[in-house]
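**Q** here's my sequence, what's the structure:
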Amino acid sequence: MPVPHGVRRGILVAAHKLRLIDAVPTTHRRWHAKLQLGTAPVVGVALLWASTCIGASVIRIGIVGDGNVEPYDVLILFISLAYISCSLDATGGLRALAFFVSQKAGKSGHGLFATLYAFFFLSGCIIGAFCGVCEERMLWGAAASESCAALNRLS
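**A** The predicted structure is shown next:
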């Protein structure tokens with residue numbers, strides 16, 4: 001993403017005034033700001049904050065968290081899911097699964113859609129059963145933990 005000439009000039013003059021550089025370069029080479037995985041979220045939050053769509057309290061809760069949700073828990077969840085996906089990919093599990101699904105579907109596009117739908121439905125049910133109903137208490141607090149206790153008494 002090209003940086004406008006006025007912004008580039010302002011940065012260079014400020015760096016010269018702060019004695020970070022000796023002289024302001026006179027070359028007219030174009031600067032480019034790269035939006036990568038590390039810079040894009042920060043730029044997005046800065047733009048939302050500058051346009052007053054979100055306030056400082058929202059940014060603080062997003063970094064520190066509040067009583068119910070901790071941002072590091074969500075980060076750990078995504079990292080573990082990425083690790084599981086990479087492990088399945090490295091062992092060939094996903095390739096074998098894709099081959100199995102395409103073989104069951106045959107040559108029909110509708111059959112492939114139905115097979116994928118059934119696969120994702122069944123895998124969602126299995127993952128939901130392993131994770132347990134009581135994981136909701138992390139998000140919903142005491143009311144959910146009471147309903148979870150009632151569900152556990154029934155089963």
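**Q** what pLDDT does residue 150 get?
**A** Looking at residue 150, its pLDDT is 56.
**Q** ugh, wrong one, residue 135
**A** pLDDT, read off for residue 135, is 54.
**Q** please identify the helix or strand for residue 118.
**A** Here residue 118, judged by DSSP states H and E, is contained in helix 109-131.
**Q** avg pLDDT for that helix?
**A** 78.
**Q** now do stretch 45-65
**A** Per-region confidence: stretch 45-65 scores 87 on mean pLDDT.
**Q** now do the same end-to-end measure for that stretch.
**A** End-to-end distance for stretch 45-65: 16 Å, by CA to CA, to the nearest Å.
**Q** might you report the residue contacts of the nearest residue to residue 104 once chain neighbours are set aside?
**A** Nearest-residue entry for residue 104: residue 115, 5.2 Å, with adjacent residues in sequence omitted and distances by CB to CB, 6 or more residues apart in numbering. For every residue, glycine as well, the C-beta is placed using N, CA and C. Under the criterion of CB atoms under 8 Å, 6 or more residues apart in numbering, the neighbours of residue 115 are 101, 104, 105.
**Q** and the residues you listed, which are buried?
**A** Neighbour-count burial (16 or more other CB atoms under 10 Å) applied to the contacts of residue 115 gives residue 105.
**Q** what is the nearest of the contacts of residue 115 to residue 120?
**A** If you rank the contacts of residue 115 by distance to residue 120 using CB to CB, residue 101 comes first, at 10.1 Å.
**Q** now do the helices in this protein.
**A** For the chain, helices defined by DSSP state H occupy the ranges 5-17, 40-50, 56-64, 71-91, 93-105, 109-131, 137-140, 142-154.
**Q** which one of those lies closest to residue 27?
**A** When the helices of the chain are ranked by proximity to residue 27 (CB to CB), helix 5-17 comes first, at 10.4 Å.
**Q** now do the closest one, average pLDDT.
**A** For helix 5-17, the per-residue pLDDT averages 84.
**Q** dump the C-alpha coordinates for it into PDB.
**A** Once non-C-alpha atoms are left out, helix 5-17 reads as follows in PDB (Å, rounded to 0.1, in the frame of the first residue of the first chain):
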ATOM      1  CA  HIS A   5       4.300  11.800  -0.200                       C
ATOM      2  CA  GLY A   6       3.100  14.300   2.500                       C
ATOM      3  CA  VAL A   7       3.000  11.600   5.200                       C
ATOM      4  CA  ARG A   8       6.500  10.300   4.100                       C
ATOM      5  CA  ARG A   9       7.900  13.900   4.200                       C
ATOM      6  CA  GLY A  10       6.300  14.500   7.600                       C
ATOM      7  CA  ILE A  11       7.900  11.400   9.000                       C
ATOM      8  CA  LEU A  12      11.300  12.200   7.600                       C
ATOM      9  CA  VAL A  13      11.200  15.800   8.900                       C
ATOM     10  CA  ALA A  14      10.100  14.700  12.400                       C
ATOM     11  CA  ALA A  15      12.900  12.100  12.400                       C
ATOM     12  CA  HIS A  16      15.400  14.800  11.500                       C
ATOM     13  CA  LYS A  17      14.100  17.200  14.200                       C
END
